[in-house]
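Student: Next comes the sequence, and after it the predicted model I'd like to discuss.
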Amino acid sequence: MKDLVAPFRGERYRPAERLSRVIAPPYDVIDASQRAQLATLDAHNIVHLMLPEAPLGSKVDRYAHAAEELADWRRGGVLVRDAEPAVYVMAQGARLGVFVAVAAEGYGPRRVRPHEKTHAGPKADRLALLRTTRTNLESIFLLAPDLDGALANALADVAKRKPDATAELDGVAIRLWAVRGADLSRFPLPPSPLYIADGHHRFETAHAYAAENPGADRVLAFVASARDPGLVVLATHRLIYGAGRRVETLLDEWRPWFDIAPVPAGVDPMQYLADLGRQRTACLVASPEGTVLGLAIKADAPLAEVAWLGASESVRALDVARVEGLVVKPILHADASTPTLRYTADAREALASVRQGASAAVLLNPTRVEQVFAVADAGDVMPPKSTYFAPKVPSGVVLRPCEG
């Protein structure tokens, strides 16, 4: 079996000084307004390729247009491929990781492990783009258990050097180092298994493309150590919109499962939630009346009787699975009208939403990295929006042509 992780000849923007103007967040977190803003920031911003828009009256579709743009940029020296293989260490704020080429072998060998379901639509879109550009325009995000700390230590050593390029995206400083030659031979490439943090759709798309093109059997990946102190996982809070969903009508339904009490006056709600959930599942439920309730699972709550909390014990133990099943779903089903469910990783936005039209906001503590690993090891999947790794890995820092 081929090595799971390998160096590659990356393709990068020239000159490096323009990097802040041409990188972008991942495609799936960019809305139409932000896409337009990034597109006007620089004619060569990566959004022109990863979220292409064919000009009005064009004879080609947007995917073919992206391929034409990419070819033009290469001819004009906007993107230049490195002469020798390397791995590319990136510091993004306090978080360190490395861009590598990972075998696009699917989940069968269990060397890359998922924790969430995917949907056909995004995969079809990404595959159509990959077929025309034949380039990894952005990376997936993987976590390495790194039990001996070898990866974390190697990344920290590289980060002591002067960077080859610097940039900033959304207020977060970015530094990049290319590790090649003798330094590369000493760099500890992470072993299997690796766990997908972000990019399930892109990994599965790369696997599908590799089945069509055996020479394109790797995918660009950013790998961080689970031991990295800069690794941050945020909770994704639930915002519920819809008439007839009054929190106080559900208290009797929740009391068999939770101890319920209002957040004390003058206490920071998120610190209260963190303390409340230190040893047990907890959440906050905010309502338009200004009440913020703390719900903490009872020690004798009959969770074993609730089969729909999850197939495996690793999922059933998740705060997000329990809160989704026992708190969020009852709010959604509290009225016959159709509700709207939104998500945010910003606790302040979640609490403010109930003053701005939401019927309720449910705030959670973050899922821990070891819980992500446990679910993936069990071959199970988490509820949607269970994790939010911050900051998002930027697109455009380094690209990877799929063949050759």
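Tutor: Good, I have the coordinates. Numbering: from 1, shown residues only.
Student: if I've got this straight, Ile174 is in a strand?
Tutor: Yes. With DSSP: H, G, I helix; E, B strand; the rest coil as the criterion, Ile174 is located in a strand.
Student: Kindly provide the distance from it to Pro122.
Tutor: Ile174 sits 26 Å away from Pro122, taking CB to CB, to the nearest Å as the criterion. C-betas here are computed from N, CA, C, even on glycine.
Student: With Lys385 instead?
Tutor: Here Lys385 is placed at a distance of 15 Å from Pro122 (CB to CB).
Student: Same check on Phe373?
Tutor: 24 Å.
Student: Which elements pack onto the one helix or strand Ala124 maps to?
Tutor: Element membership for Ala124 (DSSP states H and E) is helix 120-133. Contacts of helix 120-133 with other secondary structure elements, assessed using 3 or more CB pairs under 8 Å, 6 or more residues apart in numbering; DSSP states H and E, are made with helix 62-75, helix 200-212.
Student: what's the first one in contact with?
Tutor: So that's helix 62-75. Contacting residues not belonging to helix 62-75 are listed as 44, 48-50, 52-55, 58, 60, 79, 128-129, 131-135 [CB atoms under 8 Å, 6 or more residues apart in numbering].
Student: hang on, the earlier thing: let me know the next secondary structure element after the helix holding Ala124.
Tutor: Past helix 120-133, further along toward the C-terminus, the next helix or strand under DSSP H and E is strand 135-136.
Student: Given that next one, what are its sheet partners and their directions?
Tutor: For strand 135-136, the paired strands and their directions (DSSP bridges) read strand 400-401 (antiparallel).
Student: Can you tell me what sits against the partner strand?
Tutor: Residues outside strand 400-401 that contact it (CB under 8 Å, 6+ apart): 8-11, 81, 101, 134-136, 218-220.
Student: Pull out the buried residues from the residues you listed.
Tutor: 8, 10-11, 101, 134-136, 218-220 (16 or more other CB atoms under 10 Å).
Student: Tell me the one among those nearest to Ala299.
Tutor: Here the nearest of those to Ala299, counting by CB to CB, is Val219; it sits at 44.9 Å.
Student: give me every residue that touches the closest one.
Tutor: Each residue near Val219 by CB under 8 Å, 6+ apart is listed here: 101-102, 104, 136, 139-140, 202-203, 206, 400.
Student: Specify the beta-bridge partners of it.
Tutor: The partner list for Val219 in beta bridges (DSSP bridges) reads Val102.
Student: ok, now Pro401?
Tutor: Counting by DSSP bridges, Pro401 forms beta bridges with Thr135.
Student: For Thr133, see how far away it is.
Tutor: Computed as CB to CB, the Pro401 to Thr133 distance reads 9 Å.
Student: who has more neighbours, those two?
Tutor: Neighbour count, other CB atoms under 10 Å: between Pro401 and Thr133, Thr133 has more, with 23 against 19.
Student: In contact with the more buried one: list those residues for me.
Tutor: 49, 63, 66-67, 70.
Student: Okay, the most centrally placed residue in the chain and Lys385: tell me how far apart.
Tutor: Within the chain, the residue whose C-alpha comes closest to the C-alpha centroid is Asp198; the distance, by CA atoms, centre = their mean, is 3.5 Å. In this view, Asp198 and Lys385 are 12 Å apart by CB to CB.
Student: same thing with Pro391?
Tutor: Distance from Pro391 to Lys385, by CB to CB: 17 Å.
Student: Ala104 contacts Gly199, doesn't it?
Tutor: No. Using CB atoms under 8 Å, Ala104 is not in contact with Gly199, being 11.6 Å away.
Student: ok so, going back, Lys385 and Pro122: which is more packed in?
Tutor: With other CB under 10 Å as the criterion, Lys385 and Pro122 differ in neighbour count, and Lys385 comes out ahead with 19 against 16.
Student: Enumerate every residue touching the more buried one.
Tutor: Residues counted as contacts of Lys385 (CB under 8 Å, 6+ apart) are 236, 320, 343.
Student: Try it again at 7 Å.
Tutor: Taking CB atoms under 7 Å, 6 or more residues apart in numbering as the criterion, Lys385 is in contact with 236, 343.
Student: Next: Pro25.
Tutor: Taking CB under 7 Å, 6+ apart as the contact definition, Pro25 lies against 392, 394-395.
Student: List the residues that contact the closest residue in space to Ala173 that isn't next to it in sequence.
Tutor: On the basis of CB to CB, 6 or more residues apart in numbering, the spatially nearest residue to Ala173 that is not a chain neighbour turns out to be Gly93, at 6.4 Å. Under the criterion of CB under 7 Å, 6+ apart, the contact partners of Gly93 comprise 172-173, 230, 391.
Student: What of Leu351?
Tutor: Counting by CB under 7 Å, 6+ apart, Leu351 has contacts 269, 286, 361.
Student: in what helix or strand does the last one lie?
Tutor: The secondary structure element spanning Ala361 is strand 360-364 (assigned by DSSP H and E).
Student: State the number of residues packed around Ala64.
Tutor: With neighbours defined by other CB under 10 Å, the count for Ala64 comes to 18.
Student: can you pull the pLDDT of it?
Tutor: Looking at Ala64, its pLDDT is 96.
Student: ok, which stretches of the stretch 251-400 of the chain are strands?
Tutor: If DSSP state E, counting those that start in this stretch is used as the criterion, the strands of the stretch 251-400 of the chain fall at 258-262, 282-286, 292-297, 340-344, 360-364, 388-390, 400-401.
Student: Nearest to Met1, out of these?
Tutor: The nearest among those, by CB to CB, is strand 400-401 at 21.1 Å.
Student: which stretches of this structure have low pLDDT?
Tutor: Within the chain, the set of residues satisfying pLDDT under 70 comprises 307, 336, 404.
Student: Break it down into its structural domains.
Tutor: Domain assignment of the chain by automatic domain parsing yields the ranges 5-232+389-401, 236-365.
Student: Compile those domains into TSV and extend it with columns for distance to Asp380.
Tutor: Formatted as TSV, the entries for these read as follows, by distance: least, CB to CB, whole Å:
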stretch	distance to Asp380
domain 5-232+389-401	8
domain 236-365	4
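Student: Who's the closest spatial neighbour of Arg9, skipping the chain neighbours?
Tutor: Asp82 (5.1 Å).
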